[in-house]
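Enquirer: quick check, what structure comes out for this input:
(3 chains)
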Amino acid sequence: MSKKIGDVILDLQNISLRFGGVKALTDISFDVREHEIRAIIGPNGAGKSSMLNVINGVYHPQEGVIIFHGRERRKMEPHQAATQGIARTFQNIALFKGMSVLDNIMTGRITRMKASFIEHALWLGRAKREELEHRKKVEEVIDFLEIQHIRKTPVGRLPYGLQKRVELGRALAAEPSMLLLDEPMAGMNVEEKQDMCRFILDVNDQFGATIVLIEHDMGVVMDISDRVVVLDYGKKIGDGLPDDVKNNEDVITAYLGVSH
Amino acid sequence: MQFFLEVLINGLLSGVMYALVALGFVLVYKASGVFNFAQGAMVYLAALSVVSCMEKGAPLWLAIILAFIIMTLFGIATEKFVLRKLVNQPPITLFMATIGLAFFIEGLAPIMFGSEPRALDLGIVDEPIAAILDSWDMVISKFDLVAAGVAALLVTTLALFFQYTRIGRALRAVADDHQAALSIGIPLQHIWAIVWGIAGFVALVAGMMWGARNGVQFALTFTALKALPVLIIGGFTSVPGAIVGGLIIGASEKLAEIYLPPVMQSMFGGNFGGIEGWFPYVLALFFLLVRPEGLFGEKHIDRV
Amino acid sequence: MLYREAGQFKTSYAADQQLFPIRQDRMGILILLAVVFLVIPGVASEYWFSAILIPFLIFSLAALGLNILTGYAGQLSLGSAAFMAVGAYAAYNFQLRIDGIPILVSFVCAGLTAAGVGILFGLPSLWIKGFYLAVATLAAQFFIVWCLTKFPWFSNHSSSGVISAQQLIIFGYEFASPQEKYLLVLSIVVVMALAAKNMVRSSTGRAWMAVRDMDVAASVIGIRLMPTKLLAFAVSSFYCGVAGALYAFCYLGSVEPDGFSLDMSFRILFMIIIGGVGSILGSFLGAAFILLLPIFLDIALPWAAGLLGLPFSNATVSHIQVLIFGALIMFFLIVEPHGLARLWQITKEKLRLWPFPH
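Expert: From the prediction side, this is the model:
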């Protein structure tokens, strides 16, 4: 592999998150290095999605520190995470159902569009210019994901696999430095999974994006990730290279149960 | 002080009347997730049915039974022809559909039963209670006290019904989770029809109380508008919330109506009556600021 | 055969992103504009101008305003009429209190005033959704109308808050006849409809729709919910405010606060439900439908009753009207939630294939 894994760009220290009396995450620490593919695995309800939600500001942890690109933050809103270059996809597809594929992906570039609503209303120079420039970028993403033929289709009408791809497209359109993927391959057949793996590796290789990935398919995780974090009941029970994690006893217990 | 108490008590008693209407909202919302804007129109329809049956010569008890049958049939028809067709639509669509339903009833009821305002005599006199007037020098209406008693009875009955009957348990299960209820074999559509029937019954009680107090007229439909802030304060899913919310709205709007206009008059000049019209809404807005889920509502966590 | 885009290849993104990408649509809109600006003023009668065309245009504008808020940004409002009232009274007061202010400037200021009030009542949308918000906008409806009635300053101390609109003079020319008023209203509505179309096809509109479709996802891709929602409230109220000013100045001449009732707010809501939620065209279709239906019923019902020999009163006509409104709302929500605009689109798609079915 040609990519070079760089320094730590995201450092999570002692994160705890509660909903009322329910502890979703307890004292979790791990880091993510530049350009790596970092997988988060664990049984259902382990707190994986909550972890992603903490990283991009949807949930605010009660305790702990998040350091992103050297800047420490406790409370950050999701849109601030977006402007700092964190993009993500969701476990249950979160596309904008009433809009076309093109418009959905165009929204991914919204943080980079500067024209005000008055310029839009009057369709003045900058508004028009921006729409065209960003359309060009979006078409590149559309080409990359091979979805040219459905560009103008409302996303609600697309099959599941394609919707997942469009959602990835929307995240990519933001040209993120860090991409959070929440089960990008859930519910896909083998071919669709292979396509998705290829896209993820290409994104990582060509665009140099750092990827944090939640996935249940162990084969995929072991193949494409550089390092793996294992969560169980909101606690971290393993962290390291895929092979190390695979042989970690706690992890095996969590997945297979304890023999009595 | 005495005057203040009198205003407060009368406010609380009229708050009970708001609570009666709000109850209907809560029941339907709990069981089917539909925010039924047509509840006020149903109150109007129920009161009109009772009055017309009596005009045709039926005694009160028969008129009530006939009106109950009309309301139940109406509830079932609503479920079958409107709501069932809108399953899985966003709540806001259902809400707009009930606005349509409200208009439909408001057009239909007067065509069926006539639109001129009429009095409804339940045999309770709306006069001050002599004992209180004598010893405390306060005007407290006998009728309002009876209405409060009826409301208390209704709430107790509903609470017992929900807690201890089979249908009540099924209703609570449906309210908790439609899918889960369906999967253990609760017939969802029957349940919804029953809920709409009960909502019709509550509308009937409210309609009779309101109709006897203010006359049976189109203005009864506005009771729904008063019930909305009650719900925001009490929470959309709570029966006790509807009662407490009703009391808060009733008391505060009467106090505001009495005590605010003189203050405003001294500040701006002119006449500032009619604060009742908007005060509950503004109060509800402040509640939304502090406690968006209402006093007794359940806090909602968005899952992503 | 006539309506087909085959052969019209787009060679640039600019060509693909223009207002009406299909040539036939461009022609159609030009013909429509020519008719409404050149032909109608010549042929329509005074009754048509003052009883049908002018209110149609004004309510289309109000419906357009509500559609921006509800259809595009997904925030339900039951207080549109109150924002129209703000516009009407603001325009009156700007004319009254600022010497020599041009009437069009007053209209713009009236819109801005309504936008300010709209932002104020839109604030609750930041922490509540759906019908909770509907209740908040009801607060606007009742509170604003009450204020306009009770504070005598707004109506310059006239009795029960009635105001009479000042003369419409633009660059020394007075718009007095219904025909002239029609042209004025038409020009304003066309310009504002175009501006609305431009907003909803650009990133402003995409941000609104993203918030409407899924607000969490919208914030995750970098849309700031607060300014986006408040902008929708502001723009929507601006449109309603201008519509209100036109309602007072070009349609009725004198208005009172109670005229901007909850019932009117509901009618505007019905316009967008029947016309098409989230469609500029739908706002116009819905306004036409809701305004023409009562006129049609007024004529048709007594006639039908006469045929059948039934006794018939005016009250019954109005009850039947209300009933039919209600039934239509439920019908459209069940059968065609995207309203008349969607039906029009389906017709166009059929036309593309015509006369060959496949």
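Enquirer: quick one, strands of the chain?
Expert: Went with chain A since none was named. Using DSSP state E, the strands of chain A run over A:8-19, A:22-33, A:37-41, A:63-68, A:71-73, A:86-88, A:178-182, A:210-214, A:227-232, A:235-240.
Enquirer: if you could check chain C rather than the one you did, that'd help
Expert: C:163-164, C:169-170, C:173-174, C:254-255.
Enquirer: which elements pack onto the second one?
Expert: Contacting strand C:169-170 under the criterion 3 or more CB pairs under 8 Å, 6 or more residues apart in numbering or on different chains; DSSP states H and E are the following elements: helix C:103-122. To be clear about C-beta, it is placed using only N, CA and C from the backbone, and glycine gets the same treatment.
Enquirer: what comes into contact with the helix it packs on?
Expert: With CB atoms under 8 Å, 6 or more residues apart in numbering or on different chains as the contact definition, helix C:103-122 has outside contacts at C:75, C:79, C:83-84, C:86-88, C:90-91, C:94-95, C:98, C:101, C:136-137, C:139-140, C:144, C:166, C:168-170, C:188, C:229-230, C:232-242, C:244-246, C:249.
Enquirer: for chain B, which of the strands of chain A is the nearest?
Expert: strand A:8-19 (5.8 Å; CB to the nearest CB).
Enquirer: hmm, the closest one touching chain B?
Expert: Yes: interface with chain B: strand A:8-19 contributes residue A:19 (CB under 8 Å from any CB of the partner chain).
Enquirer: JSON lines for the strands of chain C, including mean neighbour count and distance to residue B:164?
Expert: Below are the strands of chain C laid out as JSON lines (neighbours: other CB atoms under 10 Å in any protein chain shown; distance: least, CB to CB, whole Å):
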{"stretch": "strand C:163-164", "mean neighbour count": "18", "distance to residue B:164": "60"}
{"stretch": "strand C:169-170", "mean neighbour count": "12", "distance to residue B:164": "73"}
{"stretch": "strand C:173-174", "mean neighbour count": "10", "distance to residue B:164": "76"}
{"stretch": "strand C:254-255", "mean neighbour count": "18", "distance to residue B:164": "57"}
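Enquirer: export those strands as CSV, with columns for mean pLDDT.
Expert: Below are these laid out as CSV (pLDDT from 0 to 100):
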stretch, mean pLDDT
strand C:163-164, 92
strand C:169-170, 84
strand C:173-174, 86
strand C:254-255, 93
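Enquirer: let me know which of those strands is the nearest to residue B:206.
Expert: If you check each of those against residue B:206 by CB to CB, strand C:254-255 wins as the nearest, at 35.3 Å.
Enquirer: downstream of the worst-scoring helix or strand of chain B on mean pLDDT, the next helix or strand is which one?
Expert: Ranked by mean pLDDT, DSSP states H and E, the weakest helix or strand in chain B is helix B:130-136, scoring a mean of 70. Sequence-wise, the next helix or strand downstream of helix B:130-136 (DSSP states H and E) is helix B:142-164.
Enquirer: run through the neighbouring helices and strands of that following helix.
Expert: Using 3+ CB pairs under 8 Å, 6+ apart: helix B:142-164 touches helix B:2-32, helix B:166-176, helix B:188-214, helix B:239-268.
Enquirer: report the buried residues of the third one.
Expert: What it means is helix B:188-214. Going by neighbour count (16 or more other CB atoms under 10 Å in any protein chain shown), the buried part of helix B:188-214 is B:188, B:191-214.
Enquirer: repeat that for the shortest one.
Expert: Buried positions in helix B:166-176, judged by neighbour count with 16+ other CB under 10 Å: B:168, B:170, B:171, B:173, B:174, B:175.
Enquirer: so who does the closest residue to the third one other than its chain neighbours touch?
Expert: For residue B:171, ignoring the flanking residues on the chain, the nearest one in space by CB to CB, 6 or more residues apart in numbering or on different chains is residue B:31 at 5.4 Å. By CB under 8 Å, 6+ apart, the residues touching residue B:31 are B:171, B:174, B:175, B:191, B:192, B:195.
Enquirer: sorry, back to before: among the contacts of helix C:103-122, which are located in helices?
Expert: Among those, DSSP state H puts C:83-84, C:86-88, C:90-91, C:94-95, C:136-137, C:139-140, C:144, C:188, C:229-230, C:232-242, C:244-246 in helices.
Enquirer: pop the domain breakdown of chain A in here.
Expert: Recorded structural domains for chain A (assignment: automatic domain parsing) are A:1-85+A:177-260, A:100-175.
Enquirer: in a markdown table, list those along with mean pLDDT.
Expert: As requested, these are exported to a markdown table (pLDDT from 0 to 100):
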| stretch | mean pLDDT |
| --- | --- |
| domain A:1-85+A:177-260 | 87 |
| domain A:100-175 | 91 |
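Enquirer: still on that earlier bit, quickly name whichever of the buried residues of helix B:166-176 is closest to chain C.
Expert: The closest of these, once distances to chain C are taken by CB to the nearest CB, is residue B:175, at 17.3 Å.
Enquirer: my guess is that closest one meets residue B:26, correct?
Expert: No: the pair residue B:175 / residue B:26 is not scored as a contact, 10.3 Å apart, by CB atoms under 8 Å.
Enquirer: any residues in contact with both of these two?
Expert: By CB under 8 Å, 6+ apart, the residues touching both residue B:175 and residue B:26 are residue B:237.
Enquirer: ok, of the contacts of helix C:103-122, which come out buried?
Expert: Buried by 16+ other CB under 10 Å: C:75, C:79, C:83-84, C:86-88, C:90-91, C:94-95, C:136-137, C:139-140, C:144, C:168, C:188, C:229-230, C:232-242, C:244-246, C:249, out of those.
Enquirer: tell me, which of those residues make contact with chain B?
Expert: Among those, chain B is touched by C:136, C:139 when using CB under 8 Å from any CB.
Enquirer: residue nearest the centroid of chain A?
Expert: What sits nearest the mean C-alpha location of chain A, by CA atoms, centre = their mean, is residue A:180, with 1.5 Å.
Enquirer: neighbours of the nearest residue to that residue once chain neighbours are set aside, just the number please.
Expert: Nearest non-adjacent residue to residue A:180, counting by CB to CB, 6+ apart: residue A:88, 3.6 Å away. Neighbourhood size, residue A:88 [other CB atoms under 10 Å in any protein chain shown]: 28.
Enquirer: and residue A:88, what is it in contact with?
Expert: Each residue near residue A:88 by CB under 8 Å, 6+ apart is listed here: A:52, A:56, A:171, A:179, A:180, A:181, A:182, C:220.
Enquirer: quick check, the fifth one in contact with residue A:85.
Expert: Right, residue A:180. No: using CB under 8 Å, residue A:180 makes no contact with residue A:85, being 11.3 Å away.
Enquirer: narrow the contacts of residue A:88 to those that are buried.
Expert: Buried among the contacts of residue A:88 (16+ other CB under 10 Å): A:52, A:56, A:171, A:179, A:180, A:181, A:182, C:220.
Enquirer: so how far is residue C:286 from the closest residue to residue C:200 other than its chain neighbours?
Expert: Spatial nearest neighbour of residue C:200, excluding adjacent residues (CB to CB, 6+ apart): residue C:72 at 5.6 Å. Applying CB to CB, to the nearest Å, the value for residue C:72 to residue C:286 is 15 Å.
Enquirer: same question, residue A:125
Expert: To residue C:286, residue A:125 is 34 Å away according to CB to CB.
Enquirer: so which of the two has more stuff around it?
Expert: Neighbour count, other CB under 10 Å: between residue A:125 and residue C:286, residue C:286 has more, with 32 against 10.
Enquirer: quick one: contacts for that one?
Expert: If you count contacts by CB under 8 Å, 6+ apart, residue C:286 has them with C:63, C:270, C:271, C:272, C:273, C:274, C:275, C:276, C:339, C:340.
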